[in-house]
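In: dropping the sequence and predicted coords here.
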Amino acid sequence: MKKVQNIEANKSVLFERVFGEKPAYEISAAGRINLIGEHVDYCGGKVMPASLNLNCRIFARQNGTNFIRAYADDLDETAIIDIFSLDTCKGLRWGKYQAGVAYELHRAGYPLVGCDLLYSCSVPFGSGLSSSAAIEVSTAVALNVVAGNTYDLKEMALLSQKAENEYCGVNCGIMDQFAAAMGRKDSALLLDCKTLEYEYIPFELGKYEIVVANCNKPHNLVESKYNERRAEVEEALAKLKGIYPNISCLADVTPAMFEESKGVLRGKICSRAEHVVYECARVNEAAKALKGGDIEKLAALINQSHDSLSKLYEVTGREPDALAYAAREQEGCIGARMIGAGFGGCTISIVEKDKAEAFKAAVGERYKKEIGYAASFYDTSIEDGVTVRAL
Ligand code: GLA
């Protein structure tokens, strides 16, 4: 507790140094893991993310100008965004997400005011734990809070996704922003990405815990590969619609329907669709397993998910595979898989609590030997997606 207060005091001091006054609010939105349901959100499937203690925190106050001044504590850099010409910031390296969110808020009719925002983000960038969604959602909430607007968190998630898709040009699905906005402490969020219906499932793993590991592969080409996968599953959907005219997304295709019709799909397109169809089925089973406390079953599904992402969807690569397979070989680990977009990023492993430390040491050593550089392990807990506090 003391430590947290100290960090806050430091940020307030820093805020005052950067902007000349004390902040009035502290807002945060979380990074996420995803238990299962990978690369299915943009196919209308269900996903099962949970929001983390790693988050993007914003210290904020109105500044009486027409500008949003956004300062990043790790980069020591400030973006200045004019609230009357929000469409001119697409080229910003730092500040683009903030400008995109402000742009979408404005288009949706939310009044904006000039404000000072200090960003402190503990979600590692490019880790697959969704730092961008944490930045977007915390920005959406902060801009509303300083302007005194009422807002709906679900709408903030959708608006943040729109900013990422249209303003920032990244064609992501809704999972990350929804988890950042709607995640709840000690709960997994079972979200139907077609209807946006959701429920919370208690995140109770009994004698097990989740270990989050980053393979630390340099982040590159993720966006183009991601968009390539999206195009491939759209091609599959178009072909399957010829057979099942009533389907509106790949998640509408059951495994039985897929087996009947897969002859119309060739090569890679068939593999991509197979991943989506069976991953959607696995999410339903995983939700049942988690609700029933059958963690071994959940872990088996998590392993199948990784294998499918590796072999059928081809979004893992050498490093995430090395990390997941090294994890599975350790005593006390019953399941491991990559999470997020892939091509690097993080894995989650389900590990017996009292073996977790030995697990990290052994996997770390094995990974370094195989890949040549170290993996990172994070101490995580499942926390509320968004927090808002007047200071
Ligand atoms: C990224 C995207 C999400 C989702 C995952 C893969 O995190 O932002 O929308 O598609 O990849 O499941």
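Out: That came in fine, so what should we check first? Residues are numbered from 1 along each chain as shown.

In: does the strand ranked longest in the chain reach the ligand?
Out: Of all segments of type strand in the chain, defined using DSSP state E, the longest is strand 49-62. No: counting by Cβ under 6 Å from any ligand atom, no contacts exist between strand 49-62 and the ligand, the nearest distance being 9.0 Å. All C-beta spots, glycine's among them, are computed from the backbone N, C-alpha and C.

In: what packs against that strand?
Out: Strand 49-62 makes packing contacts with helix 2-19, strand 25-34, strand 115-121, helix 131-147, helix 175-182, strand 187-192 when contacts are defined by 3 or more Cβ pairs under 8 Å, 6 or more residues apart in numbering; DSSP states H and E.

In: quick one: the helix or strand where Val233 lies to chain centroid distance?
Out: Secondary structure from DSSP states H and E places Val233 in helix 222-241. Its chain's C-alpha centre and that of helix 222-241 lie 20 Å apart, by Cα atoms, centre = their mean, to the nearest Å.

In: again with stretch 248-265
Out: When C-alpha coordinates are averaged (Cα atoms, centre = their mean), stretch 248-265 and its chain have centres 27 Å apart.

In: swap in stretch 84-104?
Out: On Cα atoms, centre = their mean, the centre of stretch 84-104 falls 21 Å from that of its chain.

In: what do you get for stretch 326-340?
Out: Here the centre of mass of C-alpha atoms in stretch 326-340, compared against the chain's by Cα atoms, centre = their mean, lies 20 Å away.

In: what are the buried residues along it?
Out: In terms of neighbour count (16 or more other Cβ atoms under 10 Å), stretch 326-340 has its buried residues at 326-328, 330, 332-340.

In: and the ligand, is that stretch touching that?
Out: Yes: remark: stretch 326-340 sits within contact range of the ligand at Gly340, by Cβ under 6 Å from any ligand atom.

In: how many neighbours does Gly292 have?
Out: The burial metric for Gly292, expressed as a neighbour count using other Cβ atoms under 10 Å, is 10.

In: return the distance of it relative to the ligand.
Out: 25 Å (Cβ to the nearest ligand atom, to the nearest Å).

In: Val18 too?
Out: 30 Å.

In: can you report how many residues lie near that residue?
Out: By the measure other Cβ under 10 Å, the count of residues near Val18 is 16.

In: can you tell me the closest non-neighbouring residue to it?
Out: The spatially closest residue to Val18, leaving aside those adjacent along the chain, is Tyr71, at 5.1 Å (Cβ to Cβ, 6 or more residues apart in numbering).

In: got the contact list for the one you found?
Out: Taking Cβ atoms under 8 Å, 6 or more residues apart in numbering as the contact definition, Tyr71 lies against 18-19, 77-78, 116-119.

In: quick one: contacts for the residue of the stretch 201-350 of the chain found nearest the ligand?
Out: Residue nearest to the ligand within the stretch 201-350 of the chain: Ala341 (3.6 Å; Cβ to the nearest ligand atom). Contacts for Ala341 (Cβ under 8 Å, 6+ apart) come out as 39, 128, 172, 222, 226, 315.

In: contacting residues around the helix or strand where Val211 lies?
Out: Secondary-structure assignment from DSSP H and E places Val211 in strand 208-214. Taking Cβ under 8 Å, 6+ apart as the criterion, the residues outside strand 208-214 that touch it are 33, 52, 124, 127-129, 295, 299, 323, 327, 334, 345-353, 356, 359-360, 363, 375-378, 380.
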